[in-house]
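S.K.: The amino acid sequence is not available; the structure is as follows:
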């Protein structure tokens, strides 16, 4: 019986890794590929989606870290349930994402006046790969429990759902990047790139505003 409980405890302890490790590594690897691919193809839509994936990476990292902390007794937390470190890291992420959104929108406006050549074929290929990665990650994050039949705490479930919504938003970003590449490849209409880049930046902005509200609520409740 003790052996059985020990085995269950070991599974619960390892569950944060099993839930978040592979999605985190997949997103990290592809975000880098998409970032440098965006520079190479000169696609602002691809670069925007890469930044969106970096924000997903941050959300996954926070969820993973929160799941790890929840297994450790004595972690100092606000009344909201978040640790001080999580709140501070979220605040840094908010500032970074606002800077990214500002950069994308300014660059997109400039491209309306001075359209730049984009390698549409490669944009399609890279963005499609990103779409597949996001679908895999969504499938891995979807569902109840931790994959071993154990119930999750409310906090773990909240973090997992937050990470899931981040990746869902990035899925839309990948679709937008695929669309941009397809339109450019078949029609040569370069303005679709800045148009869809603004769309992706608005997705980032929505997530960032929500995160800002969450941080404010955490401090108020703390």
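M.R.: It's in. Everything numeric in this text was worked out from a predicted model, so none of it was measured.
S.K.: Show me the shaky parts of the chain.
M.R.: Low-confidence segments of the chain, defined by pLDDT under 70: 1-18, 67, 70-86, 143-162, 218-219, 221-222.
S.K.: if I look at the residue nearest to the spatial centre of it, how far off is residue 130?
M.R.: Centroid check for the chain by C-alpha atoms, centre = their mean gives residue 56 as the closest residue, at 1.1 Å. Using C-beta to C-beta, to the nearest Å, residue 56 is found at 11 Å from residue 130. Using the backbone N, CA and C atoms, a C-beta is placed for each residue, glycine as well.
S.K.: Identify the contacts common to these two.
M.R.: Common neighbours of residue 56 and residue 130 are listed as residue 170 (criterion: C-beta atoms under 8 Å, 6 or more residues apart in numbering).
S.K.: separation between residue 50 and residue 178?
M.R.: Counting by C-beta to C-beta - residue 50 and residue 178 are separated by 14 Å.
S.K.: Next: residue 106.
M.R.: Taking C-beta to C-beta as the measure, residue 106 falls 24 Å from residue 178.
S.K.: Of these two, which one has the most company?
M.R.: residue 178 (23 against 10; other C-beta atoms under 10 Å).
S.K.: element containing that one, please.
M.R.: Using DSSP states H and E, residue 178 falls within helix 154-187.
S.K.: Against which helices or strands is the next helix or strand after that helix packed?
M.R.: Next helix or strand after helix 154-187 toward the C-terminus (DSSP H and E): helix 192-221. Applying 3 or more C-beta pairs under 8 Å, 6 or more residues apart in numbering; DSSP states H and E, we find helix 192-221 packed against helix 44-70, helix 84-113, helix 154-187.
S.K.: What distance do you get for the residue nearest to the centre of the chain to residue 194?
M.R.: According to C-beta to C-beta, residue 56 and residue 194 sit 22 Å apart.
S.K.: now do residue 68
M.R.: Note on residue 68: its distance to residue 194, by C-beta to C-beta, is 40 Å.
S.K.: ditto for residue 58
M.R.: Residue 58 is 25 Å from residue 194, by C-beta to C-beta.
S.K.: And the two? Which one has more around it.
M.R.: Neighbours were counted for residue 58 and for residue 194 using other C-beta under 10 Å; residue 194 has more, 24 against 20.
S.K.: hang on, residue 30 in a strand?
M.R.: No - counting by DSSP: H, G, I helix; E, B strand; the rest coil, residue 30 falls outside a strand, being helix.
S.K.: how many neighbours does it have?
M.R.: Neighbours of residue 30 (other C-beta under 10 Å): 26.
S.K.: show me the contacts for it.
M.R.: With C-beta under 8 Å, 6+ apart, residue 30 has these contacts: 53, 129, 130, 133.
S.K.: Between which two of these is the distance greatest?
M.R.: Largest separation among those by C-beta to C-beta: 53 and 129, giving 11.6 Å.
S.K.: okay, these two: which has more neighbours?
M.R.: Neighbour count, other C-beta under 10 Å: between residue 53 and residue 129, residue 53 has more, with 28 against 16.
S.K.: nearest spatial neighbour of that one, skipping sequence neighbours?
M.R.: residue 31 (3.9 Å; C-beta to C-beta, 6 or more residues apart in numbering).
S.K.: same thing with residue 168?
M.R.: residue 138 (6.6 Å).
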